[in-house]
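[1] what shape does this take:
(one chain, ligands or ions: 1)
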Amino acid sequence: MVDAHPQSSPPMGSEPPTQARPLKVTAMDAPLGAIVEGWDPSADMTAALKAEISRALATHQVLVFRGHTLPTDQRLVRFAQNFGDLVKGSEWFGDVDPIPEILRVNNLVGDDGVPEGTGASRSLEWHADYSYVPTVGKESFLEAVEIPRNNPPQTCFCSQYLALETLPAALVNAVRGKRAYHSITGYTAGGEEPQISENLASDEEFRKGFAAKRERNRKLGVSRPDIPQAIHPVILRHPDTGREILYISKGITRHILGMAEDESKALLKELTEHSTRPEVVYAHNWQVGDLVMFDTLGTLHRRDAWDPGERRVMRQLSTWWTPPAQDADAA
Ligand SMILES: [Fe+2]
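    Residues are numbered from 1 along each chain as shown. Purely as a prediction, here's the structure:
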């Protein structure tokens, strides 16, 4: 796949530059989020810069890097790697990409009829990235390369630290020490399980694209992971911030273990409604070039649908972390 933003490399033998000026971090007029200006993607990371970004992320949870020259694929990977080992996102989604750490979130379809990335223009329900695999997403990086001209979809965020802090004590007690089953079976395989999108036509489009990828991979002799599932504690302690979060993804967290189906369903609905109350949500309006770095473990995000006739092209990366088998306070 062609690099979306080719840039010249420094001449052989020369040292890559370091960030020349401090970042400017401005909090959004919203419950979470900040704009970050002054980032130089061509510069190598320094300990001071990493500390500055990590501090800002812990404070604001969603950082919108804006106004910089777009990084190459390689530079984007190099930047994200400073925060942890990266998920091979394209493999999880059945894609074949020379840079497997970059997930191509787009609605482009190749001449062979196979989606070039995640496919479809459907909405996505509230979720934390990769909660459905044993090694969950910790930070995510999502960058807008192309956005639709008409009604570009927003990406909305809410805090799962705040959700837990403000959760009534009776509900905290109900989930403390519990574990939950996470799966994306329904929307990748077309099974009987709940759909993650509310638009059945676009779910169908997504499933067709996924089936086309599987057939393409079979012909190429490329194996890709099975459709994943995982069990995680409902309350987790974030490894970087040391603070507890509520770890529930709507539509992906299917069942709280040890509870009757009806009871679990009602509780998951109540927890999600609490987390995503409109007054605690930040809705991001994308500009081309925005790189949004977010604490995907400590937040939920969702995306609107868009006109399938328009192109939307994003690059996404995530660091991964393995949660403990049990909520630390329950062990
Ligand atoms: Fe996501």
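[2] grab the nearest non-local neighbour of residue 134.
    residue 230 (4.9 Å; CB to CB, 6 or more residues apart in numbering). Backbone N, C-alpha and C define where each C-beta goes, glycine included.
[3] I'd say the one you found and residue 137 touch.
    No: Residue 230 is not in contact with residue 137 according to CB atoms under 8 Å; the separation is 11.7 Å.
[4] can you check which residues contact both of these two?
    Shared contacts of residue 230 and residue 137 (CB atoms under 8 Å, 6 or more residues apart in numbering): residue 131.
[5] give me the more crowded residue out of those two.
    Set side by side, residue 230 and residue 137 show more neighbours around residue 137, with 24 against 18, by other CB atoms under 10 Å.
[6] okay, and the more buried one sits in which element?
    Using DSSP states H and E, residue 137 sits in strand 136-146.
[7] that strand - what's its average pLDDT?
    Strand 136-146 shows a mean pLDDT of 98.
[8] starting from it, tell me which strands it pairs with and how they run.
    strand 291-295 (antiparallel), strand 313-321 (antiparallel) (DSSP bridges).
[9] need these in a markdown table (columns: distance to residue 102).
    Output for the strands paired with strand 136-146, formatted as a markdown table (distance: least, CB to CB, whole Å):
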| stretch | distance to residue 102 |
| --- | --- |
| strand 291-295 | 12 |
| strand 313-321 | 5 |
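[10] hang on, the earlier thing: how far off centre is the following helix or strand past the strand holding residue 137?
    Going down the chain from strand 136-146, the next helix or strand is strand 155-159, by DSSP H and E. Its chain's C-alpha centre and that of strand 155-159 lie 11 Å apart, by CA atoms, centre = their mean, to the nearest Å.
[11] what angle sits between strand 155-159 and strand 313-321?
    Here strand 155-159 runs at an angle of 20 degrees relative to strand 313-321 (axes from the mean of the first three to the mean of the last three CA atoms, to 10 degrees).
[12] direction included, what does strand 155-159 pair against?
    Sheet pairing for strand 155-159, using DSSP bridges, gives strand 282-284 (antiparallel), strand 299-303 (antiparallel).
[13] between the ones you listed, which one is closest to residue 126.
    strand 299-303 (4.4 Å; CB to CB).
[14] quick one: residue 124 from residue 142, how far?
    Separation of residue 124 from residue 142 (CB to CB, to the nearest Å): 12 Å.
[15] of these two, who's got more company?
    Neighbour count, other CB under 10 Å: between residue 124 and residue 142, residue 142 has more, with 23 against 20.
[16] how about the contacts made by that one?
    Residue 142 neighbours (CB under 8 Å, 6+ apart): 105, 155, 291-292, 294, 314-316.
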